[in-house]
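A.B. asks: need coordinates for the below:
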Amino acid sequence: MPARLTDFPLDRLDALMKHPFHRENADRLVRLISDLRQCHAPEDFVAFQEQLLFATLAASEARAQRSRVIKRLKRGERLPANAPELAAGDQHDIEDWRLESDVLERVGRQLRSIGDAMAWRAFAYDRRYILALRRNDSPGPMTISKEGTRHEIQFVQQQWSEHRRFAMLHDLTDCLRIGDVTVFDNPNEDGEQEILLHELKTNPRRRESAQLIRTRMAAEALDVNGPLPGHEKAHLFDTGIPYKAHLDVLRDAFAFAHRDGLKTMRVPGQRGLVAMDIAAAGRRWSMPEATLQFKSAYAALLRRTRLTGQRVCFSSGDQASRNTLLPPWGIYPLQPAQCAGLIADVLVFTITASSDGFVEEARKAGLDARWVLPEGHEMVADEAVVEIEGYGHRVTMTRWEIERLLLELTDLPTWAEGIKQLLRRGPAGWQPWPHFPDEHRIWD
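C.D. replies: You can find the predicted model right below:
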């Protein structure tokens, strides 16, 4: 797992955020998000993917070059004759090489976050595809030195040149981890479009692998609601409830933060939000003063919101390409520069909720809900946080689902009604993965 920003000392964190590569990529993110929002026809997506592929491969190769230099310096050897130039720092200082490698790791994840936004848009913001295709380990950095990568790129180019189809490379994303390529066929006269999932073989005589089996299961989960890969009882479930979220609150908070440095706002459902624009805050305060202002504003917000029960808090910080359940910042209904700011962590927000808020909304929907996480106990990835019962069935929610609900600012009555439909209509014995219709109204 890549190091988090909170793991770095303040001086190193400051150097990382101000590094030329990081600043350069922040500008690139704005252009990419703007370009992605203009993608409608297959040729638009093809052109967009080409520029994203070029940037991703360049970042991967640059980091690989620095890794090779770091290994030589650790062994006490001289710099190789073909060593790249450092963008900042001393060529003979191993720590400066490590810093640049860390920066490029972040750049790679930021570009993958743009790849995730491309996937969500290409799938018309239908969360089912993400839920089905995320269920695998991360493939790691994309590099042209891999035979499989070259084969996939050739396949993508062939699909366009011979069939005029957009073929999406999964390795450009973090959320698409099953299959290598998704091909979007041209719509027929009725406007229906076939979406084809491919697991490509470099050796056509190779027997069916575990990856091919997972690819077939994902396709069947999407086509006939078969079990999701990795768990025979896991199935997609359509709640039938139109999705709602309070992302207008986030948009307004960032507008004020851009002027004043930070802004606190209340969110329906016993939730409080504090947003900070790092650049605007830096113009008003020193870093220590900005930290104090943040803490003071946050404490005042919690007093006003009057949260009862346990407090649950999540931050947008350093989330790019870390949680495949969370929609990528690039599709949030904000200005491209704001979305890029979230990806690059120059805009951040923290949202705090009350455990009683979740329980209360579930009970309003006629369900029996219990917050089962012990007081003071840290949330663990797969540990139950909330248990909800109704209609003779029970479901549990874990940390990742709570985090997603908070960072999406999901409308809690909508969430509770979705859980109600799941318990009322979901087949017994399922491990259901709910989704809501018409999400494009939120993200598009």
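A.B. asks: host element of the residue nearest to Leu373 when sequence neighbours are not counted?
C.D. replies: Nearest non-adjacent residue to Leu373, counting by C-beta to C-beta, 6 or more residues apart in numbering: Val385, 4.7 Å away. Just so you know, the C-beta spots here come from the backbone N, C-alpha and C atoms, and that holds for glycine as well. In the assignment (DSSP states H and E), Val385 maps to strand 384-390.
A.B. asks: partner residues bridging Cys394?
C.D. replies: Just to correct that, residue 394 is Arg rather than Cys. Per DSSP bridges, the residues bridged to Arg394 are Glu389.
A.B. asks: could you pull out the strands for this structure?
C.D. replies: 166-169, 181-184, 195-198, 234-238, 262-267, 271-277, 311-315, 347-354, 368-371, 384-390, 393-398, 431-435 (DSSP state E).
A.B. asks: CA atoms of the second one as CSV?
C.D. replies: Provided in CSV are the C-alpha atoms of strand 181-184 (Å, rounded to 0.1, in the frame of the first residue of the first chain):
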residue,chain,number,x,y,z
VAL,A,181,-10.3,-4.4,-22.0
THR,A,182,-14.0,-3.4,-22.3
VAL,A,183,-15.2,-2.9,-25.9
PHE,A,184,-18.2,-0.6,-26.5
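A.B. asks: kindly provide the distance from Asn82 to Glu61.
C.D. replies: Counting by C-beta to C-beta, to the nearest Å, the gap between Asn82 and Glu61 amounts to 13 Å.
A.B. asks: have a look at the two and say which one is more surrounded.
C.D. replies: More crowded of Asn82 and Glu61, by other C-beta atoms under 10 Å: Glu61, with 16 against 8.
A.B. asks: got a pLDDT number for that one?
C.D. replies: Looking at Glu61, its pLDDT is 96.
A.B. asks: ok, it - contacts?
C.D. replies: By C-beta atoms under 8 Å, 6 or more residues apart in numbering, the residues touching Glu61 are Thr143, Ile144.
A.B. asks: now swap in Val267 and tell me
C.D. replies: His246, Val249, Leu273, Ile351, Leu409.
A.B. asks: return the distance of Glu194 relative to His377.
C.D. replies: In this view, Glu194 and His377 are 47 Å apart by C-beta to C-beta.
A.B. asks: what residues are up against Thr308?
C.D. replies: Taking C-beta under 8 Å, 6+ apart, one finds Gln270, Ser354, Asp356 in contact with Thr308.
A.B. asks: pull out the buried residues from the residues you listed.
C.D. replies: Buried members of the contacts of Thr308, scored by 16 or more other C-beta atoms under 10 Å, are Gln270, Ser354.
A.B. asks: tabulate the contacts of Thr308 (TSV), appending distance to Pro328.
C.D. replies: Shown next, in TSV, are the contacts of Thr308 (distance: C-beta to C-beta, whole Å):
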residue	distance to Pro328
Gln270	27
Ser354	27
Asp356	31
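A.B. asks: ok, the contacts of Val267 vs Ile178, which is closest?
C.D. replies: Leu409 (28.7 Å; C-beta to C-beta).
A.B. asks: noted, bye for now.
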